[in-house]
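>>> Any chance you can model this:
(one chain, ligands or ions: 1)
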Amino acid sequence: MPQKIFIVGGTGAQGMPIVKSLVSDKKYHCRILTRDTSSPRAQELLALGNVELVSGTFANQSDLRNGFRGCDGAFVNIDGFNTGEKTETYWAIRAYELALEEGIKFFVYGNLDFGYQLGGYDAKFRCGHYDGKGRIGEWILFQNQKNQGRMRAALFTTGPYIDMVIGQRTPMTPYVDKDGVVTWAVPLGQGAVPHVCLQDCGVYVRWLFENPQEANGLNLAVAIEHVRYEELARAFEKVTGHPARFVDVDLDTYWSSNRGVAPGGDRITGYNADAKDPAAMTNRQNFTGFWNLWKHSGGNKGVVRRDYALLDKIHPGRVRSVEEWFRQEEQRGVKAGKGSLWERVQEENLGPVLKIAEDGFRGRL
Ligand SMILES: NC(=O)c1ccc[n+]([C@@H]2O[C@H](COP(=O)([O-])OP(=O)(O)OC[C@H]3O[C@@H](n4cnc5c(N)ncnc54)[C@H](OP(=O)(O)O)[C@@H]3O)[C@@H](O)[C@H]2O)c1
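Residues are numbered from 1 along each chain as shown. Below is the predicted model of the structure:
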């Protein structure tokens, strides 16, 4: 079992609960790669104890080498919203190879579903920030068949964080309509989104490191549940006592709105991706594939599936419904001084979910 774990993406929305879980009882030591060791998030992690910060970037061989060296485990979540799909592909491959070279014993890859492949290579499912990870996830599992004697590996496949349904500038940012109804107007139809609870990610990733035998070669794909947005709205009403609705919109209506990710539709996905590169996707292209994946996914019997029985076994206390998450988040928000959920979805109170949003979608590669 690894003791010292190198983390890429530790200061991010996904990485923070993972680091917190790993160091919670001082069983693990985490070495975290960050471009800015002085950021509030990096400093918050440092203050937990058993945490070491190393300055650098995943887009540099020696930074990766130095990070892996002396560690026996690794959790690697390469930020595709920095790099774009093409550059992410290269550095994810190199991260796996350098981990092998430097003697990592268990490698966990922060993955997303390979929607394009799962959907039968249908162009409507092309989504660079999903395929860029999922394609490499497949490659890692394939490499692992040969390399597992030296380094074992597992995938940790997540999905859209549930926090984004109350977040600012996300694909599913809500608004309060003139009639006072909290509204999610998204192109989802009768489809469902396998939303993920960030707090639970910590438990899952720790389980992977603690059960290397069972976890080796596993694609641990997690979610709370496949969330239909009619149910999302009903759950919000139940928990807050305020009216909510889902409005199914077509893609053109979605992209012509002034909310969420729509105003940035013409920009290239990946703030350091080359807009002139024919491989680049616009946010509109990228998130159209994203929504198609959920709209046409056919719930848990369709394109993107989850083994909820396995998740119950690994994490019996996991959040199992969006209503449960809303209840917990209501309490968390009040305790943290952010206000109730109803207050938090008012336009002036919507807050960022991702570090990238806090940083204004900029930074170095
Ligand atoms: N949004 C979602 O719902 C969702 C769901 C599942 C997966 N994802 C995927 O997760 C990835 C982003 O992670 P996140 O969701 O945790 O986002 P985030 O909150 O914006 O965090 C980004 C993380 O990436 C790190 N990072 C960015 N560029 C880096 C570089 N060049 N070198 C080293 N570290 C770098 C940042 O570290 P520093 O800033 O400290 O350097 C930070 O820890 C993306 O690939 C995204 O597709 C997103």
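>>> which residue does this structure bring closest to the ligand?
In the chain, the residue that lies nearest the ligand is residue 12 (2.4 Å; C-beta to the nearest ligand atom). Where C-beta positions appear, they are placed from N, C-alpha and C, glycine not excepted.
>>> If you count residues, where's the longest helix of this protein?
Taking DSSP state H as the criterion, the chain has its longest helix at helix 128-147.
>>> which parts of the protein sit against the ligand?
Contact residues, the chain versus the ligand (C-beta under 6 Å from any ligand atom): 8-15, 33-36, 39, 42, 57-59, 77, 79-82, 112, 129, 158, 160-161, 164, 354-356, 363, 365.
>>> Buried members of these into ChimeraX, please.
Buried members of the residues of the chain next to the ligand, defined by 16 or more other C-beta atoms under 10 Å, are picked up in ChimeraX with:
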select :8,9,10,11,12,13,14,15,33,34,35,39,42,57,58,59,77,79,80,81,82,112,129,158,160,161,164,354,355,356,365
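>>> Now residue 251: phi and psi?
Phi and psi for residue 251, reported as degrees, to the nearest 10, are phi -60, psi -40.
>>> and residue 65, what pLDDT?
Reported pLDDT at residue 65 in the predicted model: 98.
>>> what about the strands in the protein?
4-8, 29-34, 51-55, 73-76, 106-111, 152-157, 175-176, 182-186, 193-195, 219-221, 225-227, 244-248 (DSSP state E).
>>> now for the third one, which elements pack on it?
The elements that strand 51-55 packs onto, with contact taken as 3 or more C-beta pairs under 8 Å, 6 or more residues apart in numbering; DSSP states H and E, are strand 29-34, helix 40-46, helix 61-68.
>>> burial count for residue 357?
16 (other C-beta atoms under 10 Å).
>>> Leaving out chain neighbours, which residue sits closest to it?
Spatial nearest neighbour of residue 357, excluding adjacent residues (C-beta to C-beta, 6 or more residues apart in numbering): residue 169 at 5.9 Å.
>>> OK, contacts around that neighbour?
Going by C-beta atoms under 8 Å, 6 or more residues apart in numbering, residue 169 touches 260-261, 264, 352, 357.
>>> With residue 269 instead?
Here residue 269 is in contact with 80-81, 84-85, 128-129, 280-283, 285-286 (C-beta under 8 Å, 6+ apart).
>>> one more time with 6 Å, if that's ok
128, 281, 283, 286 (C-beta atoms under 6 Å, 6 or more residues apart in numbering).
>>> Pull the contacting residues for the closest residue in space to residue 231 that isn't next to it in sequence.
Of all residues not flanking residue 231 in the chain, residue 322 sits nearest, at 6.7 Å (C-beta to C-beta, 6+ apart). By C-beta under 6 Å, 6+ apart, residue 322 lies in contact with 227, 232, 235.
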